[in-house]
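In: Here is my input, please return the structure:
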Amino acid sequence: MAIKKSELYSSLWSSCDELRGSMDPSQYKDYVLVLLFIKYVSDKYAGLPFAPITIPAGAGFADMVALKGKPDIGDQINKKIIAPLASANKLFDLPDFDDANKLGTGQEKVERLTNLIAIFQNPALDFSKNRAAHDDILGDAYEFLMQHFAKDSGKSKGQFYTPAEVSKVIAK
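Out: Here you go, the predicted model:
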């Protein structure tokens, strides 16, 4: 069964709500999209031989779920999830999940990260069952975030975001 975009967008919006007040809205996407990416690739490719992305043992979304509520959750996400994924797949420029300036300190950070992970645990966001051909879920998520937070970055969204419909017309 395909993922309902309304469910995806609702989860993205809930994630942004969780980050509200802790950082500039233009930075929400950095954390939300990385969590969505980890959830997506874990659901789609974990354990599959010859997958387009490598999920090292201990660095999948289920391993991130196991960190919920731990006092060093941010540091452990960086070391056990982000670093192995980045290393195995040559990824770079990933956000710091232990950044006190953006995520808070102590129990505030633990709760914020635990709540973010819980949002993506929603059974309706099971990407392993998504079989829709030509469905760019991650692209749609990015577009959704850009549409809603472009104005908060101090720029009009037209300065760095082109709606898909305009791109299609230009391409034709």
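
In: Tell me where the protein has helices.
Out: 5-19, 28-45, 61-65, 73-76, 83-89, 100-103, 106-120, 137-149, 164-171 (DSSP state H).

In: Can you list the buried residues in the third one?
Out: In this case it means helix 61-65. 61, 63-64 (16 or more other C-beta atoms under 10 Å). (Glycine included, C-beta is placed from N, CA and C.)

In: Then the first one?
Out: By neighbour count on 16+ other C-beta under 10 Å, the buried set for helix 5-19 is 8, 11-12, 14-16, 18-19.

In: now the lowest-mean-pLDDT helix or strand in the chain and helix 28-45, what's the angle there?
Out: Every helix and strand of the chain was ranked by mean pLDDT, DSSP states H and E. The lowest is helix 137-149, at a mean of 79. Taking axes from the mean of the first three to the mean of the last three C-alpha atoms, to 10 degrees, one finds that helix 137-149 is oriented at 160 degrees with respect to helix 28-45.

In: so what does helix 137-149 touch, helix or strand wise?
Out: Applying 3 or more C-beta pairs under 8 Å, 6 or more residues apart in numbering; DSSP states H and E, one finds that helix 137-149 contacts helix 5-19, helix 28-45.

In: again, only using 6 Å
Out: If you count contacts as 3 or more C-beta pairs under 6 Å, 6 or more residues apart in numbering; DSSP states H and E, helix 137-149 packs onto helix 5-19.

In: quick one on the thing from earlier: just the CA coordinates of the least confident helix or strand of the chain, formatted as PDB?
Out: The C-alpha trace of helix 137-149 is given here as PDB (Å, rounded to 0.1, in the frame of the first residue of the first chain):
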ATOM      1  CA  ILE A 137       8.600  10.700  -1.500                       C
ATOM      2  CA  LEU A 138      11.800  12.400  -0.300                       C
ATOM      3  CA  GLY A 139      11.500  15.000  -3.100                       C
ATOM      4  CA  ASP A 140       7.900  15.700  -2.100                       C
ATOM      5  CA  ALA A 141       8.900  16.000   1.500                       C
ATOM      6  CA  TYR A 142      11.600  18.500   0.600                       C
ATOM      7  CA  GLU A 143       9.200  20.500  -1.600                       C
ATOM      8  CA  PHE A 144       6.600  20.600   1.200                       C
ATOM      9  CA  LEU A 145       9.200  22.000   3.700                       C
ATOM     10  CA  MET A 146      10.400  24.600   1.200                       C
ATOM     11  CA  GLN A 147       6.900  25.800   0.400                       C
ATOM     12  CA  HIS A 148       6.200  26.300   4.100                       C
ATOM     13  CA  PHE A 149       9.500  27.700   5.300                       C
END
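
In: Okay then, goodbye and thanks.
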